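Q: take this sequence and fold it.
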Amino acid sequence: MALLVTEIYTSLAGETSWVGLPCVFIRLAGCNLDCSWCDTIYARDGGKPITINETIGKVKKTGVKLVCVTGGEPLLQKETPMLVRRLLDKGLNVLVETNGSMPIKNIPVRACRIVDVKTPGSGEGGSFLMENLRYLNPRDELKFVVAGLSDFEWAIGFVKKNRLARRCGLLVSPAWGSKKRIADEVRFKRKLAEKVAACGLPFRYNLQLHKVIWDAKKRGV
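A: Below is the predicted model of the structure:
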């Protein structure tokens with residue numbers, strides 16, 4: 001049984017509550033959305049067929065215990081839940097990053113499901129599959145990437161309306177490389193930090209550590 005894989009590499013987890021930890025990334029090919037700030041356009045097509053056994057073998061050789069299954073959109077491939085289950089059965093901690101438009105119910109609850117909620121500034125607002133909210137647990141995390149303060153206000157409204165403050169982890173990240181350029185990026189990030197600190201909700205502010213350390217366009221980090 002094989003999956004279409006764009007790349008497998010070891011780096012540091014760049015965001016989420018696992019930020020800074022050594023992590024093996026399994027980037028699967030294919031995506032059904034076209035976000036304005038997409039930084040993995042190269043993963044939308046192509047990919048190399050690699051069996052689940054081969055994939056697990058590559059991960060085990062690294063000795064790293066944290067694995068992130070990402071994309072693209074990993075849930076487009078029907079074999080992904082089995083890959084996640086097999087990785088978990090090997091005693092690994094597994095993160096699954098998904099754009100929120102695909103059902104997460106078949107991803108084992110032992111994994112940490114990191115689910116995007118696309119804000120209006122993404123160009124894919126309204127793509128979130130609302131039924132996914134019922135499957136969230138405290139181990140999971142919802143992520144909001146924001147291109148401006150209006151996106152963050154939208155995220156606050158979404159969290160409050162759906163009573164998510166204690167349901168799962170909440171993440172917010174300023175967008176990098178948006179097609180609609182943000183004037184004074186540093187000022188925006190600082191202002192967003194102030195808003196997060198004052199909003200009264202338990203958002204975790206992520207700056208995508210890998211992009212701070214390395215070139216934002218560099219692959220394999």
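Q: switch to C-alpha atoms for all contacts and neighbour counts from now on
A: Noted.
Q: isn't Leu12 up against Trp18?
A: No. Contact criterion Cα atoms under 8 Å: Leu12 and Trp18 do not qualify, at 9.2 Å.
Q: so for the two, which sits in the more crowded spot?
A: Shown here are Leu12 and Trp18; by other Cα atoms under 10 Å, Leu12 has more neighbours (17 against 13).
Q: Glu97 - that's part of a helix, no?
A: No. Checked against DSSP: H, G, I helix; E, B strand; the rest coil, Glu97 lies outside a helix; its state is strand.
Q: pull the number of nearby residues for it.
A: By other Cα under 10 Å, neighbour count at Glu97 equals 23.
Q: name the SS class of Lys191, please.
A: Using three-state DSSP, the structure places Lys191 in helix.
Q: for this structure, which spans come out with low pLDDT?
A: Low-confidence segments of the chain, defined by pLDDT under 70: 177-183, 210-211, 215-221.
Q: which residues in it form helices?
A: 52-62, 80-89, 149-161, 185-198, 209-213 (DSSP state H).
Q: distance of the residue nearest the centre of the chain relative to Lys191?
A: Residue closest to the average C-alpha location in the chain (Cα atoms, centre = their mean): Glu97, at 3.8 Å. To Lys191, Glu97 is 27 Å away according to Cα to Cα, to the nearest Å.
Q: if we can go back for a sec, tell me if I'm right that the residue nearest to the centre of the chain and Arg113 touch.
A: Yes. Using Cα under 8 Å, Glu97 is in contact with Arg113, at 6.3 Å.
Q: angle of the top strand by length along the chain against helix 80-89?
A: In the chain, taking DSSP state E as the definition, the longest strand is strand 2-12. For strand 2-12 against helix 80-89, the angle by axes from the mean of the first three to the mean of the last three Cα atoms, to 10 degrees is 50 degrees.
Q: strand 2-12 packs against which elements?
A: Strand 2-12 makes packing contacts with strand 22-28, strand 48-51, helix 52-62 when contacts are defined by 3 or more Cα pairs under 8 Å, 6 or more residues apart in numbering; DSSP states H and E.
Q: what residues sit buried inside that strand?
A: With burial defined by 16 or more other Cα atoms under 10 Å, the residues of strand 2-12 counted as buried are 2-8, 10, 12.
Q: ok, now stretch 36-55?
A: Buried-residue list, stretch 36-55, by 16+ other Cα under 10 Å: 36-39, 43-44, 47, 51-52, 55.
Q: quick one, which of the helices of the chain is nearest to Cys23?
A: helix 52-62 (9.5 Å; Cα to Cα).
Q: so what touches the closest one?
A: With contact meaning Cα atoms under 8 Å, 6 or more residues apart in numbering, helix 52-62 is reached by 1-3, 8, 10, 24, 67, 83, 86-87.
Q: same thing but 7 Å
A: With contact meaning Cα atoms under 7 Å, 6 or more residues apart in numbering, helix 52-62 is reached by 1-2, 24, 83, 87.
Q: check contacts around Asn206.
A: Contact analysis of Asn206 by Cα under 7 Å, 6+ apart lists 15-16, 171-173.
Q: make it 6 Å
A: 15, 173 (Cα atoms under 6 Å, 6 or more residues apart in numbering).
Q: in TSV, list the helices and strands packed on strand 2-12 along with distance to Ser150.
A: Putting the helices and strands packed on strand 2-12 into TSV (distance: least, Cα to Cα, whole Å) gives the following:
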stretch	distance to Ser150
strand 22-28	31
strand 48-51	39
helix 52-62	40
